[in-house]
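J.: sharing a model that was predicted from the sequence below.
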Amino acid sequence: MLNIKDAKNIQTTSYVIALCVVANFVVIALILGPGNTQWDSTWSTVTSLLGLVINWLSLFLLGGMYVVFNIRKKGELSVVYRAVFVATVVSVMFSVVPLFASNSVFENNLSIDIVAEISNFTTNMLFLLYAVFYIRLVALDKEGMITGWLKSVSLGFGYSVLLFQVGAMFGIIPEALVAPFFILGGVILYPAAVVGMGQLIGSSVSE
């Protein structure tokens with residue numbers, strides 16, 4: 001069981017994650033431009049660092065969820081959780097790979113733009129795993145801890161991202177729908193689900 005301090009710290013962490021996700025979107029969409037694939041020494045550095053913060057803090061949020069939902073004793077969910085946790089650890093490393101490549105004192109065989117794009121592709125798989133995790137988390141919540149708006153945004157995030165990522169994987173998502181799906185699932189529903197989970201964890205212990 002989490003102690004009060006840890007639970008409240010995780011709740012605060014969820015707010016930081018949500019804020020960084022929105023800030024990352026603002027930089028990508030409004031400053032760099034959604035169609036820009038070139039490394040920018042200033043703003044691409046910012047997005048890499050934001051990605052590092054998001055993924056690193058997500059490990060603590062996942063840890064809190066593991067305890068509160070007693071995932072260790074839920075076979076299927078435990079397997080999905082482990083996949084998500086490992087993928088998040090990998091994303092922690094990949095988030096700053098472009099930074100290492102852009103500032104390396106050694107000669108690189110790959111251009112920094114290619115390295116950055118490879119790093120971005122790992123995020124697609126990460127979000128696919130998160131989508132499955134949130135869907136199964138709600139489905140296997142026999143204690144009824146996930147209710148109301150949190151249940152709605154968790155399932156909304158899960159199914160919208162699952163649909164988008166599978167469609168994108170096979171190239172069947174029309175270009176006109178990419179931005180709406182991205183904004184709905186990644187910029188609105190995901191931060192909302194993260195904040196909701198943080199609040200649930202924060203209220204899971206009493207004085």
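T.: Here it is on my side, so go on. Numbers count the residues shown, from 1 in each chain.

J.: the helices in this protein, which residues?
T.: Taking DSSP state H to define them, one finds helices in the chain at 4-26, 43-68, 75-95, 97-102, 112-139, 148-169, 175-181, 190-202.

J.: could you give me the buried positions within the longest one?
T.: If you call a residue buried by 16 or more other C-beta atoms under 10 Å, then helix 112-139 has these buried ones: 112, 115-116, 119-120, 122-123, 126-138. For the C-beta atoms, the positions are set from N, CA and C on the backbone; glycine is no exception.

J.: with stretch 72-80 instead?
T.: The neighbour-count check on stretch 72-80 (16+ other C-beta under 10 Å) flags Lys74, Leu77, Val80 as buried.

J.: closest to Ile17 among the residues you listed?
T.: Val80 (19.6 Å; C-beta to C-beta).

J.: you'd agree the closest one is up against Val132?
T.: Yes. Between Val80 and Val132 there is a contact under C-beta atoms under 8 Å: 6.0 Å.

J.: about what we covered before: need the winner for burial among the helices of the chain.
T.: Neighbour counts (mean count of other C-beta atoms under 10 Å) averaged over each of those peak at helix 190-202, with a mean of 22.

J.: and for that one, what's in contact with it?
T.: With C-beta atoms under 8 Å, 6 or more residues apart in numbering as the test, helix 190-202 has contacts from 2, 7-8, 10-15, 17-19, 21-22, 61, 64-65, 68, 127, 130, 134, 145-146, 149-150, 153-154, 157, 161.

J.: let's see 7 Å
T.: Residues from elsewhere that reach helix 190-202 (C-beta atoms under 7 Å, 6 or more residues apart in numbering): 7-8, 10-11, 13-15, 17-18, 21-22, 61, 64-65, 68, 134, 145, 149-150, 153-154, 157.

J.: do stretch 52-70 as well
T.: Stretch 52-70 is contacted from outside by 1-2, 7, 10, 13-14, 16-17, 20-21, 71, 81, 84-85, 88-89, 91-92, 95-96, 137, 145, 194, 197-198, 200-201, 204, using C-beta under 7 Å, 6+ apart.
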